[in-house]
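Student: Starting from these lines, generate the structure:
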Amino acid sequence: MVLVVVHFGTLEEFARLVVAIQPAWFLLALAAQAGTYVSASLSWAQTLRRAGHPRPLSLLVPLGIAKLFTDQVVPSGGVSGAVLVTRALTRRGVPANAAMAVLLVGLVSYFAAYLLAVMTSLLILWLHHRANAALFSVVGIFIVIVVAIPSGVLWMKARGPRLLTSWVKRLPGAAQLLRAISDAPTDLVRDPRLLAQTVPLELAVFALDALTLWLVIRGLGQDPPLWVAAVSFIMASVAATLGPIPLGLGTFEAANVGMLHMLGTTIEAGLTATLILRGLTFWLPMLPGLYLARREIGPRRRSAP
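Tutor: Numbers count the residues shown, from 1 in each chain. This is a model prediction of the structure:
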């Protein structure tokens with residue numbers, strides 16, 4: 001991707017953009033990115049409060065960073081990170097059924113918000129005469145996957161005890177996970193008031209990520225409409241979700257640069273902004289995410305007598 005962009009652009013333009021980055025916009029982008037962890041944590045806090053086991057944000061925000069790391073390293077549509085959060089909550093005194101309720105509500109809310117963001121982006125592109133048959137096909141495949149993942153988890157909940165066949169019991173932790181899912185309360189997933197609180201919070205995560213991209217572009221001296229950054233980010237996320245490359249490395253970047261350029265941003269600014277965005281959303285949280293994830297996955301230390 002970098003070779004293609006350099007072929008069409010100029011190295012002098014890349015250097016000029018990097019040197020001319022305005023720090024104020026960059027600091028605002030950092031603040032917007034920090035807001036994504038707070039928003040995700042607020043979603044979990046709402047479910048825990050509704051389940052009768054409230055926990056402070058000071059506990060949940062670090063779990064948000066650990067979840068991001070796990071989702072990046074083990075791509076599974078958000079399921080791997082949700083399982084990590086569930087285990088972390090149980091280690092902190094939250095009953096297993098309440099922790100699994102957080103997982104179920106979180107998955108349903110996340111995919112509902114993701115689907116809403118994608119459909120809104122597709123509508124915006126269609127209104128601006130930028131949608132085509134290929135894009136509609138990609139979004140159609142994405143919708144099938146987005147519906148299948150939470151539906152599969154809920155199906156596992158309904159049939160959990162029946163799935164405990166001999167081969168499932170041989171999988172490490174599978175039997176325990178299925179029992180926990182089947183014991184999770186369904187009233188929270190069916191609570192429209194709770195979902196009305198958690199879905200907007202999950203949607204805010206996508207909005208803040210898109211805002212981060214727009215602020216970075218502004219810091220590079222470009223002034224595109226906010227919807228351009230939002231649509232580009234969402235469609236690039238779809239490409240990374242559907243792409244075969246682990247972590248979405250290259251897939252997200254290429255799609256984001258292509259969308260930004262198609263919608264009027266210079267290709268040099270698009271590449272520079274995309275690499276900075278990936279630095280903020282992917283590489284920067286890696287070290288703290290690795291530490292926090294290992295702390296949750298590793299064996300719990302017993303206190304000395």
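Student: CA only for contacts and neighbour counts going forward, please
Tutor: OK.
Student: for stretch 96-106, the distance to its chain's centre please.
Tutor: Its chain's C-alpha centre and that of stretch 96-106 lie 18 Å apart, by CA atoms, centre = their mean, to the nearest Å.
Student: can you check stretch 261-272 too?
Tutor: Stretch 261-272 has its C-alpha centroid displaced from the chain centroid by 23 Å (CA atoms, centre = their mean).
Student: Now do the buried residues in it.
Tutor: Within stretch 261-272, the residues scored as buried using 16 or more other CA atoms under 10 Å are 261, 263, 265, 267, 268, 269, 270, 271, 272.
Student: how about the helix or strand harbouring residue 100: buried residues?
Tutor: Using DSSP states H and E, residue 100 falls within helix 96-127. For helix 96-127, burial by neighbour count (16+ other CA under 10 Å) applies to 96-115, 117-118, 121-122, 124-125.
Student: Name all residues that make contact with residue 256.
Tutor: By CA atoms under 8 Å, 6 or more residues apart in numbering, the residues touching residue 256 are 232, 233, 235, 236, 270, 274.
Student: Look up how far residue 24 lies from the fifth one.
Tutor: Right, the one you point to is residue 270. Per CA to CA, to the nearest Å, residue 270 is found 19 Å from residue 24.
Student: for residue 53, helix, strand, or coil?
Tutor: Judged by DSSP: H, G, I helix; E, B strand; the rest coil, the three-state class of residue 53 is coil.
Student: Could you list which residues are in contact with it?
Tutor: Contacts for residue 53 (CA under 8 Å, 6+ apart) come out as 94, 98.
Student: Torsion angles phi and psi at it?
Tutor: Note on residue 53: backbone dihedrals following degrees, to the nearest 10 are phi -130, psi 70.
Student: before we move on, what about the one 3 residues further on?
Tutor: Backbone torsions of residue 56, given as degrees, to the nearest 10, read phi -70, psi 160.
Student: Please look at it and residue 48 and confirm they touch.
Tutor: No: using CA atoms under 8 Å, residue 56 is not in contact with residue 48; the gap is 10.0 Å.
Student: Have a look at those two and say which one is more surrounded.
Tutor: residue 48 (21 against 11; other CA atoms under 10 Å).
Student: For the host helix or strand of that one, buried residues please.
Tutor: For residue 48, the enclosing helix or strand under DSSP H and E is helix 23-51. For helix 23-51, the buried set under the neighbour-count rule, 16+ other CA under 10 Å, comprises 25-26, 28-30, 32-48, 51.
Student: between the next helix-or-strand element following it and helix 23-51, how big is the angle?
Tutor: Scanning forward in sequence from helix 23-51 by DSSP H and E, the next helix or strand is helix 57-73. With axes from the mean of the first three to the mean of the last three CA atoms, to 10 degrees applied, the angle from helix 57-73 to helix 23-51 works out at 110 degrees.
Student: what is the rounded mean pLDDT of helix 57-73?
Tutor: For helix 57-73, mean pLDDT is 77.
Student: Same check on stretch 189-199?
Tutor: On average, stretch 189-199 scores 89.
Student: Contacts for that stretch, please.
Tutor: So stretch 189-199 is contacted by 43-44, 46-47, 50, 101, 104-106, 108-110, 112-113, 188 (CA under 8 Å, 6+ apart).
Student: Now do the phi/psi pair for residue 263.
Tutor: phi -100, psi 10.
Student: give me the low-pLDDT residue ranges for this protein?
Tutor: 1-20, 71-82, 153-154, 156-185, 244, 246-248, 296-305 (pLDDT under 70).
Student: how about 50 then?
Tutor: The model of the chain has pLDDT under 50 over residues 164-174, 301-305.
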